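# Give the three-dimensional model of this entry:
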Amino acid sequence: MSSTNFSLASKVMLSNGKLIPQIHLGLYMVSGSEATASIRCALAAGYRGFDSAQWYYNEKEAGRAIRVFLDNPEANTQRLTRNDIFFTTKLKDNSTSFEAVQRSIRKSLVTCGLGYIDLLLLHSPYGGREARLASWKAIEDAIDKGIVKSGGVSNFGVRHIEELMESKPRIAPVVNQIEVHPFNTQTDIRAVCAKYGIAIEAYAPLARRMRIKHPTILELSKKYSCSPTQLMIRWSLQHGLIPLPKSTKYNHIIENANIGGFEISDSDMEIMNGLDEKLVTDWDPTDAP
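Numbering: from 1, shown residues only. Okay, the predicted model is just below:
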């Protein structure tokens, strides 16, 4: 059982020594205008981590919303700087062409307009072994140049993680972003990542609200005087994960971060672990060839 009083100020140290906020605002399936409004609200509420992707088509609006906030002294009352914000994006396609991936990275850098990318991920293992490894070398190059601070992967299964690590990369991935929640606990992938010191970012930590009225979730949320979404996010945090709850509604953005006032017991964590049904809420490339 975790004794940590989690909040939006909580951070995790990655294997490269860099700190990452433990709660991020996810921007999947969020339009540009929605991203602008959501990030404005989230920054005011205390969020400091934002998860975008080339595939989301909101890198431009996300970057602009962050810059506008930082440059507005009336909104930015704490005088935050770019270094206080953690911006993640992901490469849409893996390629056997090192130069093509370099161009793709540069495009994201220019599109977001933030000067550098805190965390750059390969969005999926699609494309095959050669493309995965060539794309990773391009991420290493971007880190060497300082335009990317940390590199990682997303939707990598056990075999993909082992493949990358067996290639003896110059710079190891610090994150694997996968779908994780009580209804899809991904214990095998989490175990291989733990072996290599790779942190797990949990997307869809609320199972896209598909099980929000599950009897066990409702019972435990009542027991802990919290909402079902707060219960599920707290479960992620107590497992040491980095959840990426997504919402475009101000009250949900606030609610999802208010998870410091209770602690799930060991026995109830086990009950929630037992809800695993391998529920995939969107896609699952973790077994891609």
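
# What are the boundaries of the strands in the stretch 151-289 of the chain?
All strands of the stretch 151-289 of the chain, identified by DSSP state E, counting those that start in this stretch, fall at 175-179, 199-203, 242-243.

# In JSON lines, list those strands along with mean neighbour count.
Using the backbone N, CA and C atoms, a C-beta is placed for each residue, glycine as well. Listed next are the strands of the stretch 151-289 of the chain as JSON lines, based on neighbours: other Cβ atoms under 10 Å:
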{"stretch": "strand 175-179", "mean neighbour count": "25"}
{"stretch": "strand 199-203", "mean neighbour count": "24"}
{"stretch": "strand 242-243", "mean neighbour count": "26"}
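
# Looking at those strands, spot the one closest to residue 22.
Closest approach to residue 22 among those (Cβ to Cβ): strand 242-243, 5.4 Å.

# List the strands paired with the closest one, with their directions.
In the sheet, strand 242-243 lines up against strand 199-203 (parallel) (DSSP bridges).

# which residues are in contact with the partner strand?
Residues from elsewhere that reach strand 199-203, judged by Cβ atoms under 8 Å, 6 or more residues apart in numbering: 12, 14-15, 20, 24, 26, 28, 51, 152, 154, 174-181, 186, 189-190, 193, 236, 240-244.

# I'd like the average pLDDT over it.
With pLDDT averaged residue by residue, strand 199-203 scores 98.

# and the angle from that strand to strand 175-179?
Interaxial angle of strand 199-203 relative to strand 175-179 (axes from the mean of the first three to the mean of the last three Cα atoms, to 10 degrees): 30 degrees.

# now strand 199-203, how far from the centre of its chain.
Distance, stretch centre to chain centre, for strand 199-203: 5 Å (Cα atoms, centre = their mean, to the nearest Å).

# In JSON lines: the strands of the stretch 151-289 of the chain, plus distance to residue 45.
Listed next are those as JSON lines, based on distance: least, Cβ to Cβ, whole Å:
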{"stretch": "strand 175-179", "distance to residue 45": "22"}
{"stretch": "strand 199-203", "distance to residue 45": "20"}
{"stretch": "strand 242-243", "distance to residue 45": "16"}
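
# quick one: which of the ones you listed is nearest residue 56?
strand 199-203 (11.6 Å).

# burial count for residue 153?
26 (other Cβ atoms under 10 Å).

# And for the one 4 residues further on?
A count of nearby residues for residue 157, using other Cβ under 10 Å, gives 20.

# do residue 75 as well
For residue 75, using other Cβ under 10 Å, the count is 14.

# Is it located within a helix, as I assumed?
No. Counting by DSSP: H, G, I helix; E, B strand; the rest coil, residue 75 is not part of a helix but coil.

# Quick one: residues contacting the nearest residue to it once chain neighbours are set aside.
Using Cβ to Cβ, 6 or more residues apart in numbering and skipping the chain neighbours, the partner closest in space to residue 75 is residue 69 (5.4 Å). The contact partners of residue 69, taken as Cβ under 8 Å, 6+ apart, are 39, 40, 43, 75, 76, 80.
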